[in-house]
Every structure is written in C-alpha cells, then in structure tokens.
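Novice: Sequence plus the predicted model coming up.
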Amino acid sequence: MRLIRYTQPYGRTFYAPLARSPWAGLEAEVGRLFEAALSETASSAAEVRFPIDLYEDAHTTTVRAELPGVDRSAISVELVEGTLQIGARRVQKIGEREETVELKRSINVQEHVVQTDKISATYDNGVLTVTLPKREEAKPRKVTVAIA
C-alpha cells in the first residue's frame with residue numbers, strides 16, 4: 001500500500017493511504033487522543049469533551065453521559081436553537097492547588113421531532129441521562145397493505 005504524507009498547519013503530520021486501511025479508524029482515534037492531550041492547556045479552566053451514548057427507540061431518544069466526580073448542581077442541560085448543550089464543572093486538586101475543569105458537549109436535535117416541553121434529565125451515580133420524548137407525528141406508524 002502506498003502512503004501519502006500530509007502536513008497541516010502547526011506542524012502536525014499524518015499519513016493517508018490511497019486504499020482504505022483496516023486500521024484507519026484506530027489510527028484516527030489514536031491521533032485524536034494524542035491531539036487532545038497535546039492541545040490541553042495548563043490554564044485553570046481547561047475545557048474537556050466527554051463521551052456520550054445516544055439511544056433511540058420509537059418513543060424517545062436518550063442521551064447518556066458519564067460525569068464521575070461532578071456535583072449535580074454543577075451540571076447544566078439546555079436546548080438552544082436545535083442544539084442540546086450539556087455542561088459541567090469539576091474541581092480537581094492537584095497537589096496544593098485546585099484546577100477547575102469544564103466539560104462540554106453539544107448534540108444537534110431536530111426540534112420538530114422532540115417534545116421540547118417534556119425533556120427530562122436525571123443524574124445518578126455519576127451518570128447523566130437526558131430523555132427526549134418524540135412528538136406523536138414523528139413516531140413510526142405501521143401501514144397495512146391492502147389487496148388490490
């Protein structure tokens with residue numbers, strides 16, 4: 001397989017194969033992890049993204065986020081112009097100093113599908129669960145086929 005070398009601004013170099021590599025997904029994920037680790041600043045309010053799980057069934061869409069060590073009062077969940085924004089703050093003690101870490105994620109939501117007035121969120125044992133119920137119009141319907 002032939003590799004082509006690409007150089008991006010800021011000196012980051014990566015290789016892209018001409019044919020799809022079975023390792024491409026793993027290489028991209030490892031690259032993303034190293035990029036995130038290297039770009040994290042030493043400031044007192046570093047912003048960190050956290051993993052989320054999305055589940056959808058016929059009646060609801062559920063967002064689950066693991067936020068260990070975060071106090072319930074430090075979590076915010078907002079739906080703003082079709083974007084579900086989840087934010088949290090966690091204070092970490094490193095030696096004698098304290099560092100505030102800000103956790104943020106945004107998820108696009110189709111507002112015409114979700115009942116915005118019935119969105120609920122629960123936080124239990126470090127896991128945030130946001131439930132987005134679907135409107136009746138957006139739920140799947142079974143159509144019977146008649147014999148002609």
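Specialist: Structure received.
Novice: okay, CA-based contacts and neighbour counts for the rest of this
Specialist: Noted.
Novice: Contacts only, for Gly126.
Specialist: If a contact means C-alpha atoms under 8 Å, 6 or more residues apart in numbering, then Gly126 has Glu66, Leu67, Pro68, Gly69, Val70 as its contacts.
Novice: quick one: it from Asp71, how far?
Specialist: Counting by C-alpha to C-alpha, to the nearest Å, the gap from Gly126 to Asp71 is 9 Å.
Novice: low pLDDT regions in this structure?
Specialist: 1-24, 36-47, 138 (pLDDT under 70).
Novice: how about the helices of it, start to end?
Specialist: All helices of the chain, identified by DSSP state H, fall at 24-39.
Novice: Mind splitting it into its structural domains?
Specialist: 3-39, 45-138 (automatic domain parsing).
Novice: Kindly compare burial across those and name the winner.
Specialist: domain 45-138 (a mean of 15; mean count of other C-alpha atoms under 10 Å).
Novice: those strands in this protein, which residues are they?
Specialist: Remark: strands assigned in the chain by DSSP state E are 3-7, 13-17, 45-48, 52-56, 60-66, 75-80, 83-94, 97-108, 120-124, 127-133.
Novice: I'd like the distance from the fifth one to the chain centre, please.
Specialist: The reference is to strand 60-66. In this view, strand 60-66 has its centroid 10 Å away from the chain centroid, taken as C-alpha atoms, centre = their mean, to the nearest Å.
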